[in-house]
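1. whatever this is, show me its structure:
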Amino acid sequence: MTAAVTNSLDERIIATYPTNDKAKQAKVVLMRKLGLLSGSIKIVEPNEKTPSEKLEGSSKPIGKKMLLLHLKYPAMGFLIGMCIAFLLVLFGPAFAQISPMFTFIAFISHGVFIGAFFAGFRSLKPEHDHLNQHALQAKEQDYWSLIVNTNDTDISKQDICDEIEQTECVVVKVSK
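-> Reported below is the predicted structural model:
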């Protein structure tokens, strides 16, 4: 069983350590051996009041991304609904040709709602849930979690995981 937890859809790796010293040593090892930047490695302590800042980062960029998603996907749904309605009015069945206004209203509204629904689902970041739950469970069990963000590096996640496995990280049982 591996002690480094990762997800193919997430850019982060989380490892758990029994003491603060072991977590700091692992951070130094990753910085020296792999050349990772200090800013891309964070440690969540068991007594930390707000671990969400280290787990997800600042909320302002997340809010901006959510807003952009909620503008982009409904706009795409609007355009797709317009195209489908246009094609139905031109070449479709008689009910679509008889009342083009209602055909456009129906397909545009469905496109916008489906786009907004998809944007909301995408904003939830379901790929982050497993790693966040692991870190919070480790925090509750008085372990330190080392979070490595791989966005800003060219080093593969597998190489980082292999290096983490060489440190003294522990496996934490996560209850479902």
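
2. how far out from the middle of the chain is the longest helix along the chain?
-> Ranked by number of residues, the top helix in the chain under DSSP state H is helix 59-91. Once both centres are worked out by Cα atoms, centre = their mean, to the nearest Å, helix 59-91 turns out to sit 21 Å from its chain's centre.

3. now that helix: average pLDDT?
-> Averaged over helix 59-91, pLDDT sits at 94.

4. buried residues of that helix, list them for me.
-> Buried residues in helix 59-91, counted by 16 or more other Cβ atoms under 10 Å: 66, 69-70, 73-74, 76-78, 80-81, 84-85, 88-89. Where you see a C-beta, it was placed from the backbone N, CA and C, and this is true even at glycine.

5. same question, stretch 94-104
-> 96, 103-104.

6. so of those residues, which ones are in strands?
-> Residues of the buried residues of stretch 94-104 located in strands (DSSP state E): none.

7. adding distance to residue 19, write those out as TSV.
-> Output for the buried residues of stretch 94-104, formatted as TSV (distance: Cβ to Cβ, whole Å):
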residue	distance to residue 19
96	68
103	66
104	64
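
8. mind checking which of those land in helices?
-> 96, 103-104.

9. quick check: pLDDT value at residue 129.
-> Reading off the model, residue 129 has pLDDT 75.

10. measure it to residue 136 for me?
-> In this view, residue 129 and residue 136 are 10 Å apart by Cβ to Cβ, to the nearest Å.

11. those two: which is more packed in?
-> residue 136 (16 against 12; other Cβ atoms under 10 Å).

12. which non-adjacent residue is nearest that one?
-> residue 51 (6.7 Å; Cβ to Cβ, 6 or more residues apart in numbering).
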